[in-house]
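> Mind folding the following:
(2 chains)
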Amino acid sequence: MSKTLILLIALVGAAGVARAGAEPQVADFTLGNGLEVVVVPDHRAPVVTHMIWYKVGGADETPGKSGLAHFLEHLMFKGTAQNPGNRFSQEVAAIGGQENAFTTSDYTGFFQRVPREHLKEMMAFEADRITGLVLTDAVVRPELNVVLEEQNMRVANNPNGRLAEQMNAALYLNHPYGRPVIGWRSEIESLSRDEALAFYRRFYTPNNAIVVVAGDVTPEEVKADAEETYGKVAPRAEIVPRQRPREPVQEAPRTVTLADARVEQPSLTRFYLVPSRTTAKPGESAALEVLAHVLGGGANSRLYRTLVVEQGIALGAGAYYSDTALDYGKFGVYGAPKPGKTLHDVEAAIDAVLADVSEHGVTADELELAKNRLIADSIYAQDNQATLARLYGAALATGQTVDMVRNWPEAIRAVTADAVHQAARTWLDRRASVTGYLVNSLQSEEKHS
Amino acid sequence: MNAMTPALSRSLLRRGAVAVAALAIFAAPACATTIERVVSPGGIEAWLVREPAVPLIAVNFAFVGGAAQDPAGKAGTASLVASLLDEGAGDFDSTTFHDRLERKAIELGFEAEHDTLRGSLRTLVENRDEAFDDLRLSLTAPRFDPPAVEIIRAQMLSVLRRSATSPTDIASRRWWDTAFAGHPYGRPVSGTLESVPGITIDDLKAYTGRVLARANLKVGIVGDIDAEAAKSMLDLVFGALPAQPELAPVATVAPQGLGQRITVKLDVPQTVITFGGAGIARKDPDFMAAYMVNQILGGGTFSSRLYREVREKRGLAYSVNDDLVLLDHAALFLGATATRGDRSGETVDLVEKEIRRLAEGGPTPEELTKAKAYLKAAFALNLDSSSKIAALLVQLQRDDLGIDYITRRSQLIDAVTLDDAKRVAKRLLDGGLLVTVVGRPEGIVSTSADFSAPAK
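Now for the predicted structure:
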């Protein structure tokens, strides 16, 4: 079978199993117009996942126009001169396909999952809308209302969503990651067709995009199809490296309290500003991943065991590392007090766990366990081609390389206890953090302190 | 079009209750997979898809019973059991048991639904013996140690407290407890703030003793495992369970309250709407036609009638959808949307109008052709992981459709005529709607007293 499968066996090595030596047959090439193409073969079913990733997101918007990247993503479904209206979506539905799109601070992506024989047709549609979008006020106006309802659903109606928005704004003193991807509601309301088109012309060009095809295909056939479709689209804008404002040295811990009468369960979350896979020094990102797992990955992690099982003061507690971003990663810790306990109790206990790991590091057993688990996760990821496609697309759209993705299990395997200890000491620095409290009222006892 | 913010997808919008129906929705000739029926020496049956390409094994299974078997006044029992089966078993307390799973990266999970208690296991092939043994322990020797029970109970109560002020959850709960008043389906699967504190460890043990048995069990296996190994696994894991469950009878019901509009006031910017009516059962000869009618009305593509009218043309909502919900003892169609309060009346009227228009006029020939093509091809496309295929194997057995169903499915779809679709559209959609609206509804006349969500 394909070499991808052999890789899977190789990965199991760290979990105490025999290793075979092979690399996944992921192919990567660039067309004459600058479009990058990644092919991830998976021959288990006659299906392909086809994605295009534009290297533009919310952090690339002009100040005052937050939400524009995401709004444009919605408008990309409004048709082109060649394929007017919703012809593309109609065709995806007619072949039983699935489609959707997504926007983050760093990228905007569109995908279809279709029977393999329709891949080239999808490529032709997608190539057409790199530059062919047609927008009229008649379609733009209702779509702005759709986005406002999306903002209502994700943020306005959701106390957790509102808190996260405020926390990000506080975490980033200078970098545009502090703006919500969906946009500040007051700014979404004034976005216009002309602004969307200007943004489109500036950033949607083959030399600013990555196509990822995962599924029952070979790199050769994908290359031929890509040349005949995407290859015909001329670059229309020069793309300069994304230089966003950097964070200054952060000197003061921040706290944010969001009160909403609907909050029945108080909780706290802390974000630390840390490097991403793209910006970390060699080995640092993998060490942060292991640290997050030891602290907060599952029922036997230090935070859950200490706060929930041993001390019985929290309903839940954990940690995670958001590692995929062009400029900064984020290390999150969280906990929710049991009835009768306060946010202060939970925060003190979290701080004690973090202080302990910063002082003493992790044990050899914890290290081994976390590494095995993280490596196994990358095997489980191989069971779903869309997951794999997303993994590669997000990595490349945030400045990583195919090799960095391919070698990730090796990077995890190479993590030492010292590296994890060092990561904890360096990056769990309150001065570069924001702590958010979700409470019922600002007067409530549950408030911090 | 569906955009996301941190990283989302449309599926996030699908509501819990709807998940029950998920599988009825699979359609069309699957991949080149062959389903094999295996029966262990001990007489336990499973359906198996052997897929040696990835060094994984996924096992999914379901015990008929579910939350419908919760004792009176103890709603949430099945959910609490499901959350505790991996919290200590045999000689291993919760921490030790989790440690065993974690060391081998074994993924084990259980979930209660109205009609079933489901489980899923995913393991690397290399660790399969340990994985099967851990699964056996969790099913045959769960400990229900008091500390673990209290941790999980506190978590369940926390979720229930949160859901008490969530407009989406309130709308759904009001819909279900109105439609199924007095029936087990009217009780929330996850229990209530009143019922969960009263569930005792004896209740949990009694529940597993009654429901976890061999005769009401369906198993699906996918991955790098052959029939012989699958058979030994079946006897090892499930062989010690009692042969027969002791299930309380559950009455077959039709949803009540059709024609009602119930509003609940809650101070939120977006008003949430749940709507639904009586459906058509999986075994009904009209099921396939109903399935297409639902697809045309509000199925999961960007071209359904509700999507076009509510979202695309008027920008009233981000999400609007409709699904068939197939329970063992009831059939429904159930949909949801959300919009700003001052346009909620208009939105409810529009949804009702579209449902009436389809009931009265039926689909167009073009809509039917497209729905058929979509449903045929989407089937295989949805099967994109071993766990999903294993879940399908369980569902096919639960629906009693035959092991060759997948090969017959396209013909069954093609056999539906336009006249069938028109007749069934009327049958499905003409029975009246129960609508619940939570938020700041305007322009909606409530047919019952206004409720307010619990005030703080």
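> Show the pLDDT at residue 236.
Chain wasn't specified; assuming chain A. On the pLDDT scale, residue A:236 is placed at 95.
> To clarify, I was referring to chain B.
pLDDT recorded at residue B:236 is 98.
> now do the one 10 residues further on
Model confidence at residue B:246, expressed as pLDDT, equals 98.
> what's the neighbour count on the residue of the stretch 101-250 of chain B found nearest chain A?
Here the residue of the stretch 101-250 of chain B nearest chain A is residue B:105; by Cβ to the nearest Cβ that distance is 3.3 Å. Any C-beta I mention is one placed from the backbone N, CA and C, and that applies to glycine too. Neighbours of residue B:105 under the rule other Cβ atoms under 10 Å in any protein chain shown: 23.
> isn't it right next to residue B:121, touching?
No - with contacts counted by Cβ atoms under 8 Å, residue B:105 stays clear of residue B:121, the gap being 11.9 Å.
> Can you tell me the SS state at the closest residue to chain B within the stretch 1-150 of chain A?
Nearest to chain B in the stretch 1-150 of chain A, going by Cβ to the nearest Cβ, is residue A:96, at a distance of 2.3 Å. Assigned by DSSP: H, G, I helix; E, B strand; the rest coil, the conformation of residue A:96 is coil.
> Could you do the one 3 residues further on as well?
State at residue A:99, reduced to three classes by three-state DSSP: strand.
> For it, the count of nearby residues, please.
Residue A:99 has 22 nearby residues by other Cβ under 10 Å.
> Report pLDDT for it.
pLDDT, residue A:99: 94.
> Same check on the one 5 residues further on?
Residue A:104 is assigned a predicted lDDT (pLDDT) of 97.
> How about residue B:449?
56.
> got the residues of the stretch 251-400 of chain A near chain B?
A:261-265, A:298-300, A:305, A:308-309, A:312, A:315-316, A:336, A:338-339, A:369, A:372-373, A:376-377, A:379-380, A:382-386 (Cβ under 8 Å from any Cβ of the partner chain).
> at 6 Å what do you get?
A:261-262, A:264-265, A:299-300, A:315, A:338, A:373, A:376, A:382-384 (Cβ under 6 Å from any Cβ of the partner chain).
> min pLDDT across those, which one?
Minimum pLDDT for those is recorded at residue A:382 (84).
> all helices for the stretch 251-400 of chain B, in order.
Here the stretch 251-400 of chain B has its helices, by DSSP state H, counting those that start in this stretch, at B:287-298, B:305-306, B:344-361, B:365-382, B:386-399.
> Of the residues of the stretch 251-400 of chain A next to chain B, just say which sits nearest to residue A:352.
residue A:338 (17.0 Å; Cβ to Cβ).
> So the closest one is in contact with residue A:315, correct?
Yes - counting by Cβ atoms under 6 Å, residue A:338 touches residue A:315, with 5.5 Å between them.
> which residues do the two both contact?
residue B:154 (Cβ atoms under 6 Å, 6 or more residues apart in numbering or on different chains).
> Show the contacting residues for residue A:289.
Contacts for residue A:289 (Cβ under 6 Å, 6+ apart) come out as residue A:321.
> Distance check, it against chain B.
As defined by Cβ to the nearest Cβ, to the nearest Å, residue A:289 lies at a distance of 15 Å from chain B.
> Mind telling me what element that residue is part of?
Assessed by DSSP states H and E, residue A:289 sits inside helix A:284-296.
> Apart from its neighbours in sequence, what residue is nearest residue 187?
No chain was given, so I picked chain A. residue A:66 (4.6 Å; Cβ to Cβ, 6 or more residues apart in numbering or on different chains).
> ah, I was thinking of chain B
residue B:75 (4.0 Å).
> which residues touch the most centrally placed residue in chain A?
With the centre of chain A defined as its mean C-alpha position, the nearest residue by Cα atoms, centre = their mean is residue A:324, 5.6 Å away. By Cβ under 6 Å, 6+ apart, the contact set of residue A:324 is A:394, A:398.
> repeat that with 7 Å
A:276, A:277, A:394, A:395, A:398 (Cβ atoms under 7 Å, 6 or more residues apart in numbering or on different chains).
> so how many other residues sit close to the last one?
Counted by other Cβ under 10 Å, the residues lying close to residue A:398 total 23.
> hang on, the earlier thing: of the residues of the stretch 251-400 of chain A next to chain B, closest to residue A:84?
Nearest member of these to residue A:84, counting by Cβ to Cβ, is residue A:384, at 34.0 Å.
> Chain neighbours aside, what residue packs nearest to whichever residue of chain B sits closest to chain A?
Per Cβ to the nearest Cβ, residue B:377 is where chain B lies closest to chain A, at 2.3 Å. Nearest non-adjacent residue to residue B:377, counting by Cβ to Cβ, 6+ apart: residue A:96, 2.3 Å away.
> before we move on, the earlier item: looking at the helices of the stretch 251-400 of chain B, which one is packed in the most?
Mean neighbour count (mean count of other Cβ atoms under 10 Å in any protein chain shown) peaks for helix B:287-298 among the helices of the stretch 251-400 of chain B, with a mean of 26.
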